[in-house]
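Novice: Next come a sequence and a model predicted from it.
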Amino acid sequence: MTNAYSILGQTQRLRISDGVIAPIVSGCESANRLLILVWSQLGDFDSLEYAWWLQRESEKLIAKGITIRAIGIGDRSAGLKFCDYTGFPQEWLFVDPEAEIHTLLGLYPGLSWKFPLLSTALNSWLNLILMCAGIGSPGTIAEVFRGYRGDRKAPQLIADDEVIGDTPLPPMKGSFFKLAGGSGFQRPFELATIRLQNMSEVLSNWKTYVPQSAYLTQRGGTFLFDQAGNLLYEHRDRGILGFAENMSRPLSFLLEE
């Protein structure tokens, strides 16, 4: 068994569905393949967007017999809010308030410059802002621009009859994006609109999603194991909006086999 599987297999965390401290891999003993997602803050762009993709492809993942577990930074209230918003199943989600599992796995803590006279919280905020500007966060700026310019290698994200609301903009139907370039692929501004919707949700419920800000810059990772615990695939995030090797199709490592 791999070191990552040993660490994750021995880890117990608070399960969102019932508030019980339980092994992360409990109930996964007979899984054909086990996908363990170690997420950043539950109010982070990456966590919300990853959950969106899993929800979108849920039928395909179930058909392939893939069992999923996730650990996010936050508390139970954050987890319940996250699941309510994203549709991610509560029984699949655990929380780690102090990012201990991230440290054990050696995941990228993000930019951690120390600014004299600033509190820990303000240091975290400033480092996060710098990462959003691409400092200590490779690929972030390019990914932000991809959300605005569109991507012909990515699928269409919003159905023509779907209404996008809960953003600072007026509600709009998915058919609006046809005007920006057509259909059948990720149109200009389409992904940026989903990210704006996520941002609006988090900022409206900030204290719930982020009960404490010490780990704002912490990044996550993706680990796929077979039934014997052998590591089949891993991705360690190196920056904001870098939660997948192929951001055009984040779940391609699972679905394109």
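Specialist: Now that the structure is in, tell me what you want to look at. Computed from a predicted structure; not experimentally measured.
Novice: Residue 222: neighbour count?
Specialist: Other residues lying near residue 222 total 23 when counted by other C-beta atoms under 10 Å. C-beta: built from backbone N, CA, C; applies to glycine.
Novice: Residue 45: what's it in contact with?
Specialist: Going by C-beta atoms under 8 Å, 6 or more residues apart in numbering, residue 45 touches 195, 198-199, 240-241.
Novice: Tell me, what's the model's pLDDT at it?
Specialist: Predicted confidence (pLDDT) for residue 45: 94.
Novice: Residue 59 too?
Specialist: pLDDT, residue 59: 93.
Novice: that's a helix at it, yeah?
Specialist: Yes. Using DSSP: H, G, I helix; E, B strand; the rest coil, the secondary structure at residue 59 is a helix.
Novice: Could you give the number of residues near it?
Specialist: Neighbour tally, residue 59, other C-beta under 10 Å: 8.
Novice: And the one 4 residues further on, by the same measure?
Specialist: Residues lying near residue 63 (other C-beta under 10 Å) number 10.
Novice: now that we have the contacts of residue 45, which one has the most neighbours?
Specialist: For the contacts of residue 45, neighbours tallied by other C-beta under 10 Å; top is residue 240, 27 neighbours.
Novice: name the element that one belongs to?
Specialist: Using DSSP states H and E, residue 240 falls within no helix or strand.
Novice: let's number from 12 now, not from 1
Specialist: Happy to do that; since the first residue is 12 now, the last one works out to residue 251.
Novice: Report the contact partners of it.
Specialist: Counting by C-beta under 8 Å, 6+ apart, residue 251 has contacts 55-57, 142-143, 148, 151, 230.
Novice: which ones are touching residue 236?
Specialist: 13, 16, 44-45, 47, 242-243.
Novice: tell me which element the residue nearest in space to the middle of the chain is part of?
Specialist: By C-alpha atoms, centre = their mean, the chain has its centre lying nearest to residue 58, at 2.0 Å. Applying DSSP H and E as the criterion places residue 58 in helix 56-67.
Novice: Tell me where the model's unsure across this protein.
Specialist: Applying pLDDT under 70 to the chain flags the ranges 12-13, 268.
Novice: what ranges do the strands span in it?
Specialist: Ranges of strands in the chain, per DSSP state E, are 23-26, 32-34, 44-52, 77-84, 104-106, 174-175, 183-184, 232-237, 242-247.
Novice: Would you mind giving these as CSV with distance to residue 216 added?
Specialist: Shown next, in CSV, are those (distance: least, C-beta to C-beta, whole Å):
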stretch, distance to residue 216
strand 23-26, 19
strand 32-34, 25
strand 44-52, 13
strand 77-84, 15
strand 104-106, 16
strand 174-175, 19
strand 183-184, 23
strand 232-237, 25
strand 242-247, 28
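Novice: out of those strands, which comes closest to residue 220?
Specialist: strand 44-52 (7.1 Å; C-beta to C-beta).
Novice: Strand partners (parallel or antiparallel) of that closest one?
Specialist: strand 77-84 (parallel), strand 232-237 (antiparallel) (DSSP bridges).
Novice: Export these as CSV, with columns for distance to residue 173.
Specialist: CSV is the format used below for these (distance: least, C-beta to C-beta, whole Å):
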stretch, distance to residue 173
strand 77-84, 24
strand 232-237, 27
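Novice: Could you pull out the buried residues of the helix holding residue 58?
Specialist: Within helix 56-67, the residues scored as buried using 16 or more other C-beta atoms under 10 Å are 56-63, 65.
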